[in-house]
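Enquirer: Have a look; sequence and predicted model below, questions after that.
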Amino acid sequence: GLTFTPDLYKCGVDIVGPSNIKTLLDSIPPYWGPLRSGMLLKIGDVDSDEEFNRKISPLYHVENIKSPLLIGHGANDPRVKQAEADQIASSMKEKGIPVEYILYSDEGHGFARPDNRIDFNGRTELFLAKHLGGRAEEFLKPDGSTASFPLEK
């Protein structure tokens with residue numbers, strides 16, 4: 001949404017989102033072959049049409065982003081690999097576009113651990129209050145949260 005309809009949003013929240021459709025599909029393990037084939041039928045043939053992949057992948061349209069983005073991702077995501085979050089977060093940072101990237105070392109596709117879920121929801125509340133206006137409760141990082149911030153290294 002932020003790349004293809006940038007005037008529509010004041011900010012965005014990305015949870016385990018793909019940024020490059022080709023690298024997303026290339027990361028699918030061989031035993032998920034039928035899933036990959038089904039996705040190609042729905043999306044289009046990004047394997048043989050690089051121009052099409054560039055047209056539909058947010059990573060290639062980062063310069064269109066006008067609003068801050070909060071990214072939350074699990075380091076062990078078997079479906080949408082961490083590289084998808086890494087590459088769009090890095091590209092936004094390089095271009096001076098506001099981005100906050102939170103990585104949870106012990107999560108997969110989504111946030112299953114309660115401490116991480118509470119952590120991300122609290123950080124999202126602060127982010128939305130900051131960029132949309134409104135109130136947010138004081139944020140206290142849960143003791144068991146594994147949140148790290150790759151862009152701050």
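Expert: Perfect, thanks for sending it. Numbering: from 1, shown residues only.
Enquirer: For this structure, just list every one of the helices.
Expert: 21-26, 33-43, 50-56, 82-94, 114-132 (DSSP state H).
Enquirer: can you tell me which of those helices comes nearest to residue 65?
Expert: Nearest to residue 65, of all the helices of the chain, is helix 82-94, at 6.5 Å by CB to CB. Backbone N, C-alpha and C define where each C-beta goes, glycine included.
Enquirer: Number of residues surrounding the nearest residue to residue 52 once chain neighbours are set aside?
Expert: Of all residues not flanking residue 52 in the chain, residue 44 sits nearest, at 5.6 Å (CB to CB, 6 or more residues apart in numbering). Residue 44 sits with 14 neighbouring residues when counted by other CB atoms under 10 Å.
Enquirer: isn't residue 44 right up against residue 56?
Expert: Yes - Residue 44 is within contact range of residue 56, at 7.2 Å (criterion: CB atoms under 8 Å).
Enquirer: give me the low-pLDDT residue ranges for this protein?
Expert: Scanning the chain for pLDDT under 70 picks out no residues.
Enquirer: want to throw the helices of the chain into TSV with mean neighbour count and distance to residue 63?
Expert: Shown next, in TSV, are these (neighbours: other CB atoms under 10 Å; distance: least, CB to CB, whole Å):
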stretch	mean neighbour count	distance to residue 63
helix 21-26	18	18
helix 33-43	12	23
helix 50-56	14	13
helix 82-94	19	9
helix 114-132	17	20
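Enquirer: Nearest residue to residue 43 in space, please, no chain neighbours.
Expert: In space, and not counting its chain neighbours, residue 43 is closest to residue 21: 6.2 Å by CB to CB, 6+ apart.
Enquirer: any idea how far residue 1 is from residue 41?
Expert: 24 Å (CB to CB, to the nearest Å).
Enquirer: quick one on the thing from earlier: what's the overlap in contacts for residue 44 and residue 56?
Expert: By CB atoms under 8 Å, 6 or more residues apart in numbering, residue 44 and residue 56 have no common neighbours.
Enquirer: Residue 72 - how many residues pack around it?
Expert: 26.
Enquirer: rewinding a little: against residue 62, how distant is the residue nearest to residue 52?
Expert: As for residue 44, its distance to residue 62 is 21 Å (criterion: CB to CB).
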